[in-house]
Every structure is written in C-alpha cells, then in structure tokens.
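sequence plus the predicted model coming up.
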Amino acid sequence: MNGVLVGKTSEIPEGEKKIITANGKSIGVYNIGGEFFAIRNTCPHQGAALCSGITTAFIDSSGPGNFTYQREGEIARCPWHQWEFDIKTGCMIVDPKKRTKSYEVTVERFDVSVEDKGIYVHI
C-alpha cells in the first residue's frame, strides 16, 4: 500500500476539512463530529474542485416557507454549479446514482488514514 504523510488529526478540527494530494489525486478529508471522511475533490458534473466549495447542511422542507437544517456540515456543495454531495458516501443529494469517489478512512491513535486501491493517506 502506498502512503502519503499529511499531518495529525489535530490539524483537521471538528467541522473543518483538509485538501490533500495522494498519488496525483486531490482528496478532501473532513472531520464531521469527530469522525473522518474523505471524498475525491472532483465534481463529476464538469470537474470543479468540489471540496473548495462550501460545506453545508441538508435543507428539508415540508412546504412553502417551512424548512429545517439537518446533517449540519455533512454536505459538500460544488462551487461552480451548486451540485451537492453527501460527504459520508460521495452520493449526490438529488440523484444518489451520481457520485464522487469516497474513500475508506481509519483513525489510528492520533493519525487518519485514507485508503483506496493503492492510495494510503496518513495524516
């Protein structure tokens, strides 16, 4: 397994992200509620740097003028065309069949590892 040392878990505070490059791929590593998740920093629509967009909540509505914010900090919004993706799964919010690559993340003591077929990111 190839590895890239990126830093320590303390370098990605809760609610923040860090964009890294591993084996030529740009990946956003997110800390959501103390858990780490990673997605490819490429929007499948037209290739924008997905993780450079805002991180937001899922907005739910039961009717006009009535809405609630759910899953705060779990949605990555593309900066070009506002496509939204679930950071935990990589799936697009309005069409889960469309997705950006997500990576399995493990935390070992104070380090975070992102793994995917030849990519091993150690922070």
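Yes, it's here. All figures in this text were calculated on a predicted structure; none of them were measured in a lab.

which residues does the residue nearest to residue 77 when sequence neighbours are not counted contact?
Distances taken as C-beta to C-beta, 6 or more residues apart in numbering place residue 53 nearest to residue 77, at 4.6 Å, with adjacent residues excluded. C-beta: built from backbone N, CA, C; applies to glycine. Residues in contact with residue 53, defined by C-beta atoms under 8 Å, 6 or more residues apart in numbering, are 76-79.

next, the buried residues of the lengthiest strand in the chain.
Ranked by residue count and defined by DSSP state E, the top strand of the chain is strand 66-77. The neighbour-count check on strand 66-77 (16 or more other C-beta atoms under 10 Å) flags 71, 73-77 as buried.

re earlier: closest to residue 104 among the contacts of residue 53?
Nearest to residue 104 among those: residue 76, at 17.5 Å, using C-beta to C-beta.

might one say that the closest one is in contact with residue 89?
No. Contact criterion C-beta atoms under 8 Å: residue 76 and residue 89 do not qualify, at 11.1 Å.

about what we covered before: looking at the buried residues of strand 66-77, which one is closest to residue 85?
The closest of those to residue 85 turns out to be residue 76 (C-beta to C-beta; 4.9 Å).

quick check, pLDDT for residue 117.
At residue 117, the model reports a pLDDT of 49.

for residue 60, that is, sorry about that
At residue 60, pLDDT is 83.

shouldn't it be within a strand?
Yes. According to DSSP: H, G, I helix; E, B strand; the rest coil, residue 60 belongs to a strand.

please enumerate the strands of the chain.
Ranges of strands within the chain are 4-5, 17-22, 25-32, 35-40, 55-63, 66-77, 84-86, 102-108, 111-116, 119-122, based on DSSP E.

thanks a lot, see you next time.
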